[in-house]
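Trainee: Just need the structure, nothing else, for what follows:
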Amino acid sequence: MSRANNVRGPTSALTEFLRQSGIDATSIARRAATRNAGNQQQGGEEPEARPSNSNQADDRNTTAGPSSQPQTSIRGRRPRTRTRSNLRYSGNASDDLDNSEPEQNAEPAAIQVETQADNQTPVKRRKLTKAAEAKLKAKEKKKRRVKDSDDEYIDEDDDAYTAPSRMRGVAGVATGPRPPPGSFETCVKCEKRFTVMVYTMAAIPGPGWLCHPCAKATGNDPFKKPQAAKKNKTDKRTVTSFEERRFPSLVSLCLITKHIDDVEALGDIGSLNVEAISKALSKNRSLTSENAQLFYNTSNTTLALYDATNLSPDAFTTLAYLNPNLTSLRIDFCGQIDDDAISALSTSLPALTSIELLGPFLVRPPAWQKFLAAHSSLERFLITQSPRFDIECLQSLLSSCGPNLRELRLKEIGKLDDEFLRELAQLGQDGNTNRLAYLDISDPGESCKEEAMIELLSSIGNGLAHLNISKHILLTDTFLTEGLLPHTASLDTLILNNLPELTDKGVTELFGTWNNPPLVYLDLSRNHALGDKSLEAILNHSGGRLEELNVNSWKELGEDVLTSLAVKAQELKKVDVGWVREMTDFVVKAWVDGAPEGGASGKEDAMMVDSEVIRRGGCSKLEEVKVWGCNRITLDCPRKKGMSIYGVEAHSVIRTSA
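Mentor: Numbering: from 1, shown residues only. Down below sits the predicted model:
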């Protein structure tokens with residue numbers, strides 16, 4: 001708005017004081033003109049001092065001369081707009097802004113000042129240094145950024161207690177002007193009077209203000225400074241070439257095993273933690289008769305103790321009494337379990353359907369027979385290393401549990417012979433119901449004959465999904481072609497290790513004409529006569545589904561057929577190629593990144609980067625590779641994320657992070 005309309009803005013205290021003292025822009029200009037005119041007179045006479053309110057006509061006469069003509073000519077012109085440069089010599093600019101007189105009345109004085117300025121030497125501005133200019137530019141840039149930012153932005157230079165957000169209500173809307181600090185207000189919540197300070201907070205919802213206790217009660221701390229803006233951190237990608245060794249957690253090994261005897265202090269550990277704690281205790285055989293009660297509960301339906309070496313016979317009896325509702329029981333290394341303990345299990349666990357024992361050496365046949373007769377609903381009977389389990393025990397098992405039996409393990413049973421196999425064969429004869437899907441009769445004291453094994457498979461082989469007949473060293477290729485080939489059609493796991501009479505011819509014939517679906521797990525380790533032809537036949541039959549393969553000690557395997565795993569067995573997760581002489585870094589590279597196009601394995605370019613060699617296939621799901629005894633595998637062998645390599649001759653485990 002124009003000052004000709006007498007529209008005035010706010011005035012400062014200094015401006016008001018100067019106006020009351022008679023000091024304004026006009027009087028300052030007159031004094032300056034009088035002083036300069038006196039200095040220009042020849043003879044050096046000083047002008048007589050005059051009061052500030054002297055007549056304007058005298059002042060005009062004093063300044064008469066060269067400047068009089070321009071004044072006359074300028075008066076007839078249109079009033080000039082005064083710029084910042086014109087005000088430079090007019091004294092205090094704020095005085096001139098607050099002048100109550102119209103601009104037309106102050107025009108003569110302004111013209112005098114402008115004329116005088118033309119005769120004066122221009123004021124030289126100080127040249128800024130480069131550092132000062134840079135600092136000034138940065139400050140101006142920061143001001144522009146603050147101005148253009150959102151209304152909710154809080155400048156870092158703002159006071160922590162006067163920031164805009166402190167005095168606003170819901171959705172950033174102010175509840176009203178804040179009372180001046182030191183005044184008294186009534187809290188809208190507790191209705192108590194309090195002294196307003198700079199950090200007093202508005203009520204949400206408003207209007208009104210909160211006292212300090214009520215403000216804290218809302219969860220907002222009025223004294224808390226706003227958080228500084230977070231700086232964007234540079235994204236630094238780290239490439240991990242190997243995985244750090246994964247140790248058991250501190251809780252599982254230190255706290256649990258050290259304080260396991262304080263059973264009462266642990267209290268109820270919950271069913272989810274029972275198995276984890278049991279595994280932790282098996283690391284250093286910390287499970288005893290005293291702390292075993294931690295795992296006992298009348299509501300338990302499953303219980304697994306992975307190392308019961310230190311449990312006494314009475315502890316097993318207590319286990320049976322305190323867990324009456326168990327349906328599944330597993331005890332490893334239960335060497336001290338005896339007839340009395342088995343008798344307690346017979347009478348106290350009526351709902352038991354699954355039992356797995358490792359090392360029940362002391363149990364005699366009568367105790368076994370009593371236990372089996374008391375549990376006709378058993379579906380899983382898995383025992384390992386029980387030298388006193390005889391043919392009478394097996395007959396009791398089949399007569400009591402035969403129709404319901406689904407899984408049977410008689411591993412490392414010293415008395416297992418052809419008579420055992422003939423008894424087992426009766427499960428599928430004479431109209432008997434055969435539900436057996438899992439059979440493990442490996443590692444006997446003496447190998448069973450081939451005829452008895454073929455007879456067994458002809459009776460129960462069609463329903464088997466898991467078969468382990470390892471270390472029956474009398475089995476030959478005839479067993480493969482006359483036993484497995486015609487009598488099995490649903491296997492997914494086959495374990496035939498330590499069968500030295502098997503040859504490439506028999507294995508090739510089996511997998512070349514077998515109607516069985518592709519296998520998921522195959523173990524043919526320690527069969528030294530097998531070689532390339534056997535592995536090729538296996539890959540052609542089961543390569544598309546095979547997840548675990550063990551060809552340990554196949555001395556005649558070549559590098560080319562090993563490399564073909566990358567193309568024909570891409571679902572592999574675990575592979576054991578220990579003591580295979582042709583196993584090299586090039587083969588591992590093919591498994592990890594794919595086989596080179598055109599069979600480049602073993603050549604110099606087989607280890608080149610993928611951009612230089614065209615590759616196909618690759619075992620993308622590979623998790624574990626065992627290379628014990630492969631002296632051509634080095635520490636520099638290729639690896640990938642999530643894969644572990646065991647058996648490198650540096651006696652280290654190479655892992656990469658998952």
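Trainee: Could I get the full set of helices for the stretch 351-500 of the chain?
Mentor: For the stretch 351-500 of the chain, the helices defined by DSSP state H, counting those that start in this stretch cover 365-374, 391-401, 418-425, 450-460, 477-479, 485-487.
Trainee: Mind listing the residues bridging to the closest residue to Glu624 other than its chain neighbours?
Mentor: Once flanking residues are discounted, Glu624 sits nearest to Lys574: 4.4 Å by CB to CB, 6 or more residues apart in numbering. Bear in mind the C-beta positions are built from the backbone N, C-alpha and C, glycine included. With DSSP bridges applied, Lys574 shows beta-bridge pairing to Glu548, Glu624.
Trainee: so where's the stretch 551-658 of the chain uncertain?
Mentor: For the stretch 551-658 of the chain, the stretches flagged by pLDDT under 70 are 598-612, 650-658.
Trainee: the helices in it, which residues?
Mentor: 559-563, 565-568, 585-593.
Trainee: for these, which one sits closest to Glu290?
Mentor: helix 585-593 (49.1 Å; CB to CB).
Trainee: OK, contacts around the residue nearest to Gly335 when sequence neighbours are not counted?
Mentor: Nearest residue to Gly335 in three dimensions, chain neighbours excluded: Gly359, at 4.9 Å (CB to CB, 6+ apart). Going by CB atoms under 8 Å, 6 or more residues apart in numbering, Gly359 touches Asp332, Phe333, Cys334, Gly335, Thr384, Gln385, Ser386.
Trainee: wait, the fourth one sits on Phe361?
Mentor: Yes: at 5.7 Å, Gly335 counts as touching Phe361 under the criterion of CB atoms under 8 Å.
Trainee: residues shared between the contacts of those two?
Mentor: Going by CB under 8 Å, 6+ apart, no residue sits against Gly335 while also sitting against Phe361.
Trainee: Please enumerate the helices of the stretch 151-300 of the chain.
Mentor: 212-217, 250, 256-258, 263-266, 271-282.
Trainee: Give me the mean pLDDT for the last one.
Mentor: Which is helix 271-282. Taken as a whole, helix 271-282 has a mean pLDDT of 75.
Trainee: Which elements pack onto that helix?
Mentor: Counting contacts by 3 or more CB pairs under 8 Å, 6 or more residues apart in numbering; DSSP states H and E, helix 271-282 is packed against helix 256-258, strand 302-305.
Trainee: just curious, which of the contacts of Gly359 is nearest to Ala344?
Mentor: Cys334 (13.2 Å).
Trainee: and the nearest residue to Ile633 once chain neighbours are set aside, what is it in contact with?
Mentor: The shortest distance from Ile633 to any non-neighbouring residue, by CB to CB, 6+ apart, is to Val627 (4.8 Å). By CB under 8 Å, 6+ apart, Val627 lies in contact with Val577, Gly578, Met583, Ile633, Ile645, Tyr646, Gly647, Val648.
Trainee: residues touching the third one, list them.
Mentor: Same thing as Met583. Residues in contact with Met583 (CB under 8 Å, 6+ apart) are Leu557, Glu559, Leu562, Val577, Val627, Cys630, Arg632, Ile633.
Trainee: The third one touches Asp585, doesn't it?
Mentor: Put plainly, it is Leu562. No: judged on CB under 8 Å, Leu562 makes no contact with Asp585 at a distance of 11.9 Å.
Trainee: So between the two, which is more surrounded?
Mentor: Using other CB atoms under 10 Å, the more surrounded residue of Leu562 and Asp585 is Leu562, with 25 against 17.
Trainee: For the more buried one, give me its contacts.
Mentor: Leu562 neighbours (CB under 8 Å, 6+ apart): Leu535, Val577, Val580, Glu582, Met583, Val587.
Trainee: Domain ranges for this protein, per the record?
Mentor: 3-118, 160-224 (automatic domain parsing).
Trainee: Go through these and find the least confident stretch.
Mentor: domain 3-118 (a mean of 53).
Trainee: ok, and Leu136, which helix or strand is that part of?
Mentor: In this structure, Leu136 is located in helix 130-148 according to DSSP states H and E.
Trainee: Show the contacting residues for Ile460.
Mentor: Contacts of Ile460 were listed using CB under 8 Å, 6+ apart, and they are Leu424, Ala425, Leu427, Gly428, Asn434, Leu436, Leu439.
Trainee: show me the contacts for the residue nearest to Thr384 when sequence neighbours are not counted.
Mentor: The spatially closest residue to Thr384, leaving aside those adjacent along the chain, is Lys411, at 4.5 Å (CB to CB, 6+ apart). Residues near Lys411 by CB under 8 Å, 6+ apart: Ile383, Thr384, Gln385, Asp440, Ile441, Ser442, Asp443, Asn468.
Trainee: now do 7 Å
Mentor: Applying CB atoms under 7 Å, 6 or more residues apart in numbering, one finds that Lys411 lies in contact with Thr384, Asp440, Ser442, Asp443.
Trainee: so what does the helix holding Leu136 touch, helix or strand wise?
Mentor: Contact analysis of helix 130-148 by 3 or more CB pairs under 7 Å, 6 or more residues apart in numbering; DSSP states H and E lists no helix or strand as a packing neighbour.
Trainee: Out of the helices of the stretch 551-658 of the chain, indicate the one that is most buried.
Mentor: helix 585-593 (a mean of 24; mean count of other CB atoms under 10 Å).
Trainee: Count the residues that sit near Phe381.
Mentor: Phe381 has 21 neighbours, counted by other CB under 10 Å.
Trainee: nearest spatial neighbour of it, skipping sequence neighbours?
Mentor: Nearest residue to Phe381 in three dimensions, chain neighbours excluded: Leu408, at 5.8 Å (CB to CB, 6+ apart).
Trainee: what is that neighbour paired to in the beta sheet?
Mentor: Phe381, Leu439.
Trainee: List the contacts of stretch 476-489.
Mentor: The set of residues external to stretch 476-489 that reach it, using CB under 7 Å, 6+ apart, is 450, 453-454, 457-458, 461-462, 464, 501-503, 505-507, 509-510, 513-516.
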